[in-house]
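>>> Have a look at this prediction, sequence included:
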Amino acid sequence: MAQLQTPSRRFTLPSQMEALNSQGGAVVPPGQGVDAIVSRSLEEVGQHILRVEVGYANGTKTLRKFYRFHVASPLNIQELTLRAGYDCCFVSIAIENVTTSTSLTISGAEFIPPEGLEATCIDCPKLPSTKSIDGHRRSAVEMFDTCGRIVPGGSCRYLFSVKAESPDAKARGIGTGDVLGKAVFTWHKTMGEAGRIASTDVLCPPSHPPPVGSSGTNVWGKFVVHRSGLSVDVAASAADKGAGYSSTIRDDGLSMLGDLFPVTVDPIDPPSTLSLGKPQPVSLRVVNHTSSPLDLQFQMRLSQQAGVVVCGTSFKNLGDIKSNGGSAVVTVKILGLVAGVFSLQGCFLVDVNSGREFPIPPLFNMLVTC
């Protein structure tokens, strides 16, 4: 019997000896032996132990052997994840050849998401071809640049888009701490030896703003909610207040994210560009994350707007909004005053009954063009 002990798990390695054991064991004449091959792909780095155990047929004696060996990966993997909406994330994976004298050729790069999500590689390096796009024969330098070869100390970066694909995943969105999947890379060495490595589980990052100081100043800074999925995180926090929320930023006793944002405002398909002097309507979804209904008034305060302002009616009564995810949609017109990149800000929600104000972070960025 053979077993492989990795840093985190133990595997039984089957071989042809098991078939002999079912037949009463193998007879080994004097001076001879019995060979058996066991194999398994190594998926972890660190100390490994191969345990081999041989038992005599009469069961009176057992022989054990332990073989210790260290597994190291020639590639170092680093990741950077950005939110791109309530149901989408961008995952940037950088791989570095950490060997001192071995060049590697990356022959495969893929991102494997869990069920309900779909991953797409954005502008990934293609396998080498002797023909270019225009049909002419490619030079050796062009082929070398696209072959995926990484010299010692060299690196390469891959960008993946991970989106919700199934109806359930689209309805729920992608929130903080959700598993996005794993990046898997396959490489070949100079003599054709193949290797394969997978990253750890990539998690969706939080989308909360910087903490509010004890004096109440520096409320939002440059934080932008646009396509960040803040409402998804707040909804998850509000649904699990008893267990707490691990991604909450704490400062001077601030509690869970759901307490920091009882109400959120999400832009619905906001424009990325805006023509100077031409009003454009924008729809915004107001979500109530509290456990009680709220009678809210939507406000866009001109004193906190710059470059892009709201024209027309800027204060609207939304009426009662149901608790625990109830929502209402409000439409406003925005107008670009000068060319440049600006944020739509100055959004507040006011509880008509209590007079409590809920300040909302800047909603989204846009480019105002002449």
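Sure, I can see it. As the structure is a prediction and not an experimental result, all values here were calculated from the model.

>>> Burial check on the closest residue to residue 95 other than its chain neighbours, number of neighbours?
With sequence-adjacent residues excluded and distances taken as C-beta to C-beta, 6 or more residues apart in numbering, residue 95 is closest to residue 75, at 4.9 Å. Quick note: C-beta positions are derived from backbone N, CA and C, even for glycine. Each residue near residue 75 was counted by other C-beta atoms under 10 Å, and the total is 19.

>>> what sits opposite residue 75 in the beta ladder?
residue 97 (DSSP bridges).

>>> is it true that it touches residue 102?
No. In terms of C-beta atoms under 8 Å, residue 75 does not count as a neighbour of residue 102; the distance is 10.8 Å.

>>> Now do the strands in the stretch 201-350 of the chain.
Assigned by DSSP state E, counting those that start in this stretch, the strands in the stretch 201-350 of the chain fall at 202-203, 263-268, 273-275, 280-288, 294-300, 308-311, 315-321, 326-336, 340-343, 347-351.

>>> Any chance of those in a markdown table with mean neighbour count, distance to residue 113 and mean pLDDT as columns?
Below are these laid out as a markdown table (neighbours: other C-beta atoms under 10 Å; distance: least, C-beta to C-beta, whole Å; pLDDT from 0 to 100):
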| stretch | mean neighbour count | distance to residue 113 | mean pLDDT |
| --- | --- | --- | --- |
| strand 202-203 | 20 | 9 | 92 |
| strand 263-268 | 20 | 24 | 86 |
| strand 273-275 | 16 | 31 | 89 |
| strand 280-288 | 18 | 26 | 91 |
| strand 294-300 | 20 | 36 | 93 |
| strand 308-311 | 19 | 36 | 91 |
| strand 315-321 | 15 | 34 | 92 |
| strand 326-336 | 17 | 28 | 92 |
| strand 340-343 | 17 | 31 | 86 |
| strand 347-351 | 20 | 33 | 92 |
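
>>> Listing request: residues of the stretch 101-250 of the chain with sub-threshold pLDDT.
124-136, 138, 140-146, 207-228, 238-250 (pLDDT under 70).

>>> contacting residues around the closest residue to residue 316 other than its chain neighbours?
Excluding its sequence neighbours, the residue lying closest to residue 316 (C-beta to C-beta, 6+ apart) is residue 298, at 4.7 Å. Residues near residue 298 by C-beta atoms under 8 Å, 6 or more residues apart in numbering: 284, 286, 315-318, 330, 347, 349.

>>> Looking at those residues, which is nearest residue 340?
Using C-beta to C-beta, residue 347 is the member of these that lies nearest residue 340, at 20.1 Å.

>>> surely the closest one meets residue 358?
No. At 9.3 Å, residue 347 and residue 358 do not qualify as touching, with contact defined as C-beta under 8 Å.

>>> How many neighbouring residues does residue 8 have?
Residues near residue 8, counting by other C-beta under 10 Å: 8.

>>> Now do the phi/psi pair for it.
phi -130, psi -20 (degrees, to the nearest 10).

>>> Ramachandran angles for the residue nearest to the spatial centre of the chain?
Closest to where the C-alpha atoms of the chain average out (C-alpha atoms, centre = their mean) is residue 204, at 4.0 Å. Backbone torsions of residue 204, given as degrees, to the nearest 10, read phi -70, psi 130.

>>> one step back: could you dump the strands of the stretch 201-350 of the chain to JSON lines with distance to residue 39?
Conversion of the strands of the stretch 201-350 of the chain to JSON lines gives the following (distance: least, C-beta to C-beta, whole Å):
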{"stretch": "strand 202-203", "distance to residue 39": "29"}
{"stretch": "strand 263-268", "distance to residue 39": "52"}
{"stretch": "strand 273-275", "distance to residue 39": "57"}
{"stretch": "strand 280-288", "distance to residue 39": "53"}
{"stretch": "strand 294-300", "distance to residue 39": "62"}
{"stretch": "strand 308-311", "distance to residue 39": "63"}
{"stretch": "strand 315-321", "distance to residue 39": "61"}
{"stretch": "strand 326-336", "distance to residue 39": "55"}
{"stretch": "strand 340-343", "distance to residue 39": "57"}
{"stretch": "strand 347-351", "distance to residue 39": "61"}
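
>>> thinking again about what came up before, tell me the contacts of the residue nearest to residue 95?
Residue 75 is in contact with 95-98, 104, 185, 187, 197, counting by C-beta under 8 Å, 6+ apart.

>>> Just name the closest of the residues you listed to residue 7, please.
Using C-beta to C-beta, these come closest to residue 7 at residue 197, 14.7 Å.

>>> measure the nearest residue to residue 231 once chain neighbours are set aside to residue 326 for me?
Nearest residue to residue 231, sequence neighbours excluded (C-beta to C-beta, 6+ apart): residue 264, at 4.4 Å. Per C-beta to C-beta, to the nearest Å, residue 264 is found 12 Å from residue 326.

>>> Give the residues shared as contacts by these two.
Common neighbours of residue 264 and residue 326 (C-beta under 8 Å, 6+ apart) are residue 287.

>>> Fine, thanks again, bye for now.
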